[in-house]
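**Q** Pasting the sequence and the predicted model now:
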Amino acid sequence: MNLNSEAIKKNDVEIAINNVSVVFKDNQGNDVKALDNIDFDIHKGEFISLLGPSGCGKTTLLRTIADLLEPTSGNVRVSNMTPKEIRLMQKFGIVFQNPVLFEWRTVKKNIELPLEIMGYSKKDRSDRADEMLEMVGLTKFADHYPQQLSGGMQQRVGIARAFGIRPEILLMDEPFSALDEFTKEKLHLDLLKIWEKTNKTIVFVTHNIQEAVFLSTRICVLSPHPGRLSAVVDADLPYPRTIDMRDTPHFGELVSKVRNSFEGGSL
Ligand SMILES: Nc1ncnc2c1ncn2[C@@H]1O[C@H](COP(=O)(O)OP(=O)(O)OP(=O)(O)O)[C@@H](O)[C@H]1O
């Protein structure tokens, strides 16, 4: 896989976000414009971060892509189909901030759950779960229960479960924000390795600039009230990314560029 961002951009458009606006009602019945005319394309194989402060509409945009929410106006097309069609074809893998594991099922049985729902045979789902356990480095913990794992390990189970269905697109909503810095750093590297190996498109929500720069091919900077796209920044660091890249002048320049592109003050 060529992970050069210029090369990725020449790839097919996978997610087209066309003039999407979302308006909610607040408790008083007043309109809250969560997203204002968001318009950009995500290419196949990209690692895109949606970055911005609390309330800028990151989760709303992710939910719109995932068919968990209808835009008030505009539309999203995924591989030239509607998000609903893609969801029904099980092409989205979703990872939330809290992995929501079933505590009465073992780690392996949690990873198997979506495959069970999709009607995979016992052997196929067991083989697939073993493969995913190996990918996230949890083979030894297959028969443990979630409460016997650390937060970082539980999040890895959530990632294994999402990748287990072999999604085309992985949607991740602040998956590491509740974790300590050491665990986060390790999971960043793990996630990049999985991404490089599987060639999936990832849309990753975060409010952390360094995290976005370290992981992404491009960063969509969103500004609040109403949520709008302030800038799209190319994070043109080479892959594979290494921890020491964070100490390079170019990493610092990218962080400043992203921070300065945010409208309405610093993040
Ligand atoms: N179901 C809803 N009903 C009413 N307002 C909503 C609803 N969901 C989101 N909002 C409002 O839309 C705006 C964007 O919310 P959203 O959760 O998408 O932001 P966010 O950038 O993901 O924030 P955070 O980083 O805090 O999760 C906020 O003003 C929020 O209060």
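**A** Sure, I can see it. Numbering: from 1, shown residues only.
**Q** How is Cys220 assigned, secondary-structure-wise?
**A** Judged by DSSP: H, G, I helix; E, B strand; the rest coil, the three-state class of Cys220 is strand.
**Q** same thing with Phe182?
**A** helix.
**Q** what separates it from the ligand, distance-wise?
**A** 23 Å (CB to the nearest ligand atom, to the nearest Å). Every residue, glycine included, has its C-beta placed from N, CA and C.
**Q** Count the neighbours of that residue for me.
**A** The number of residues packed near Phe182 is 9, by other CB atoms under 10 Å.
**Q** ok, now the one 5 residues further on?
**A** The tally of other residues near Leu187 (other CB under 10 Å) stands at 19.
**Q** Leaving out sequence neighbours, find the closest residue to it.
**A** In this structure, Leu187 finds its nearest non-sequential neighbour in Phe176, 5.6 Å apart by CB to CB, 6 or more residues apart in numbering.
**Q** who's in contact with the residue in the stretch 101-250 of the chain positioned nearest to the ligand?
**A** Here the residue of the stretch 101-250 of the chain nearest the ligand is His207; by CB to the nearest ligand atom that distance is 5.3 Å. Residues in contact with His207, defined by CB atoms under 8 Å, 6 or more residues apart in numbering, are 51-54, 58, 174, 177, 267.
**Q** So which of those residues belong to strands?
**A** Leu51 (DSSP state E).
**Q** Among the contacts of His207, find me the one that's closest to Asp236.
**A** Minimum distance to Asp236 across these is 16.1 Å, recorded for Leu51 (CB to CB).
**Q** Spit out the contact partners of that closest one.
**A** The contact partners of Leu51, taken as CB under 8 Å, 6+ apart, are 58, 206-209, 212, 219-222, 258, 267.
**Q** if you set the cut-off to 10 Å instead, what comes out?
**A** Residues in contact with Leu51 (CB atoms under 10 Å, 6 or more residues apart in numbering) are 58, 204-209, 211-213, 216, 219-222, 230-231, 233, 258, 261-262, 267.
**Q** The ligand contacts on the stretch 51-200 of the chain?
**A** Counting by CB under 6 Å from any ligand atom, the residues of the stretch 51-200 of the chain close to the ligand are 52, 54-60.
**Q** so who does Ser261 touch?
**A** By CB under 10 Å, 6+ apart, Ser261 lies in contact with 51, 219, 221, 223, 230-233, 267.
**Q** got the phi/psi numbers for it?
**A** Geometry field for Ser261 lists phi and psi as phi -90, psi -10, criterion degrees, to the nearest 10.
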